[in-house]
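Visitor: please find the sequence and the predicted model below.
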Amino acid sequence: MAWQSQPVRVSADGSAEIEMDLPDFNGKLRWMAVVYSDQAYGHADAETTVVDKLVVQLSRPRFMAVGDQSVLSLDLNNQSGAEQSLDLRLTAEGGLTATERQTAISLADKQKTTVLFSVAAQKSGQGKVSLTVKSDGSAGNGIALENDWTVDIRSAYPAVTRKAQQVIGPEQSWEPEDMLEGLDRASVTAQLTLSSQPLIDADSHFEQLLTYPYGCTEQSASSGYPWVLINHDIAEKWDFWRLSKGSSSRVTVMPSAKTDRKIGPEAAAKSNSQGGFGAWSNHTDEMNWLTAYVTDFLTDARMAGADVSASSLEKSVQRLQQYLRDGGSVRQRWGRISATIHWQQRPIRPTFWQK
C-alpha cells in the first residue's frame, strides 16, 4: 500500500498525530516523515509490523473443472499475544460442495497450525469457501473473524458449436433436432436466425479474426484486415462496432468523424531498420513474402483512412522496390531446395501514404 498525509502541525514537545485507515493487510509498513520550518528541515523513517490477532491464509486452486476434487489448506497463526481457544467453522457454497467442518482448536501465542478442508466442484460458475472463527479470550484478546474466498469453476471440456440449417417453404414448419445431448445445459447459449437470403455467418468470422489469440506479424495483420475491407455503413448495419470491445490488443478500432476507422496494428511496429518484416519482431530474420504481405496491408489500411505512419510505410515500399532492383528474385533460406520467387512489378502510388 502507499499513502501520503496532508501537512500537520508539530506540537511543542516535537510530536504529531496522523490518522489513517489500514486495509486488510499483514506485513511491515515503512514510515517516512519529513519536517520543516522556516529555518530548517529534517527527515526520519521507521518500520512497523502490522498483524491481525489471528492470521489466516487459505491455499486453494486458481480454478477447478466440474467433477474435480481438491483439499484446501487453511493456515492459522496466533499473533494475539495470549493463548487462544478457537471455534472454527468452514463451509462451501455456489459451485462447490463440501461437508461443513466445525472444530475447536487451541493455539499458544505465536503457534501455527493447518486445517484441511475437502471440496468438490459440482457446476460451472464460481464457488465460495467461508470461514468463521470465534474466541472469547480475555483482557481484550478475544477474536471474531469472518472471511471468504472464491474459486472459479469451468467445464472440463472445450467449447462446442453446433449448427443446423433448413430451407423452410411457404406454410411449412421446422423443428430442429435436439442438439443439447452431452452438453452442460447451464452453459448453453442459443441463437435463431431467419433470413430470406442465404446465410453467411459474417458475424462469427469477423469476431474470430478480431479475437485471434496469437500474435505473429502475419496474424496481427490478418486480424486487422476486417476493418480495412469493411465500410462504415456495413459496420453500422451489422453492429460490428460492438465486436471491437472484445478484440485483440493488437488491433484497436474506433469510429471517427474524419475516417471510418482507426487501425493501429502491432505489425507496423515489427519492421526492421530497412523496412522489412520478421515473423515475431524487428530482430527476427526478414521474410520477403511477409514484407510484401504486411506492406500491402498497411497500404490498404492507409487508403481506408487508418492512422498508419507515413515514414514507416514509405520505408517498407522502398524495401519492396529494392527486391525488384536486385535481380527480380528472392531466395527463401528455409526450403530444402532453394526456391526462386519471381515478382511481378505493379505501379506504386506514393499518394497512398502522403497526407
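Guide: Sure thing, it's come through. Residues are numbered from 1 along each chain as shown.

Visitor: separation between D233 and L90?
Guide: Separation of D233 from L90 (Cβ to Cβ, to the nearest Å): 59 Å. To be clear about C-beta, it is placed using only N, CA and C from the backbone, and glycine gets the same treatment.

Visitor: quick one: which of the two has more around it?
Guide: L90 (22 against 9; other Cβ atoms under 10 Å).

Visitor: got a list of what the residue nearest to that one when sequence neighbours are not counted touches?
Guide: Sequence neighbours aside, R101 is the residue nearest to L90 in space, at 4.4 Å (criterion: Cβ to Cβ, 6 or more residues apart in numbering). Residues near R101 by Cβ atoms under 8 Å, 6 or more residues apart in numbering: 88-91, 115, 117.

Visitor: do the same with R30
Guide: 45-47.

Visitor: please enumerate the helices of the stretch 201-350 of the chain.
Guide: With DSSP state H, counting those that start in this stretch as the criterion, the stretch 201-350 of the chain has helices at 202-210, 217-229, 232-237, 288-303, 310-325.

Visitor: looking at those helices, which is buried most?
Guide: Greatest average neighbour count among those goes to helix 217-229 (a mean of 22), per mean count of other Cβ atoms under 10 Å.

Visitor: angle of that one against helix 288-303?
Guide: 30 degrees (axes from the mean of the first three to the mean of the last three Cα atoms, to 10 degrees).

Visitor: for G275, find the nearest of the helices of the stretch 201-350 of the chain.
Guide: helix 310-325 (3.6 Å; Cβ to Cβ).

Visitor: packing partners of that closest one?
Guide: helix 288-303 (3 or more Cβ pairs under 8 Å, 6 or more residues apart in numbering; DSSP states H and E).

Visitor: quick check on the closest residue to A108 other than its chain neighbours: phi, psi?
Guide: Leaving aside its chain neighbours, A108 sits nearest to E83 (5.1 Å; criterion: Cβ to Cβ, 6+ apart). Backbone torsions of E83, given as degrees, to the nearest 10, read phi -70, psi 140.

Visitor: neighbours around E83, how many?
Guide: 15.

Visitor: what subset of the contacts of R101 is buried?
Guide: 88, 90-91, 115, 117 (16 or more other Cβ atoms under 10 Å).

Visitor: give me the helix or strand of the protein that scores worst on average pLDDT.
Guide: Using mean pLDDT, DSSP states H and E, strand 340-342 stands out as the lowest-scoring helix or strand of the chain, at a mean of 49.

Visitor: now, which of the buried ones among the contacts of R101 lie within strands?
Guide: 88, 90-91, 115, 117 (DSSP state E).

Visitor: could you pull up phi and psi at the residue nearest to L90?
Guide: Residue torsions, per degrees, to the nearest 10, at R101 are phi -120, psi 120.

Visitor: and it, what pLDDT?
Guide: On pLDDT, R101 comes in at 91.

Visitor: then Q344?
Guide: 50.

Visitor: care to break the protein down by domain?
Guide: As given by automatic domain parsing, the domain ranges for the chain are 54-154, 202-352.

Visitor: weakest of the ones you listed by average pLDDT?
Guide: Looking at the domains of the chain, the bottom one is domain 202-352 with a mean of 67.

Visitor: can you put the domains of the chain in a markdown table and add distance to D178?
Guide: Converted to a markdown table, those look like this (distance: least, Cβ to Cβ, whole Å):
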| stretch | distance to D178 |
| --- | --- |
| domain 54-154 | 21 |
| domain 202-352 | 22 |
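
Visitor: V167: which of those is closest?
Guide: Closest among these, using Cβ to Cβ: domain 202-352, at 19.7 Å.

Visitor: quickly run through the sheet partners of the helix or strand D148 falls within, with directions.
Guide: Secondary structure assignment for D148, by DSSP states H and E: strand 143-154. Here strand 143-154 is paired, per DSSP bridges, with strand 63-65 (parallel), strand 125-135 (antiparallel).

Visitor: so which of the ones you listed is the most packed in?
Guide: strand 125-135 comes out most buried of these by mean count of other Cβ under 10 Å, with a mean of 18.

Visitor: show me the contact partners of that one.
Guide: 54, 56, 58, 60, 64, 72, 74, 84-96, 98, 117, 119, 121, 142-153, 186.

Visitor: looking at this, P170 is in a strand?
Guide: No: P170 is assigned coil when assessed by DSSP: H, G, I helix; E, B strand; the rest coil, not a strand.

Visitor: and for it, the neighbour number?
Guide: So P170, with other Cβ under 10 Å, has 4 neighbours.

Visitor: ok, now I230?
Guide: Neighbours of I230 (other Cβ under 10 Å): 17.

Visitor: from A304, how far out is it?
Guide: Distance from I230 to A304, by Cβ to Cβ: 9 Å.

Visitor: ok, V56 - contacts?
Guide: 74-77, 131, 133, 145, 147.

Visitor: quick one, which of those are buried?
Guide: 74, 76-77, 131, 133, 145.

Visitor: could the residues you listed go into TSV alongside distance to S11?
Guide: Converted to TSV, the buried ones among the contacts of V56 look like this (distance: Cβ to Cβ, whole Å):
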residue	distance to S11
L74	46
L76	42
N77	38
L131	43
V133	40
L145	37
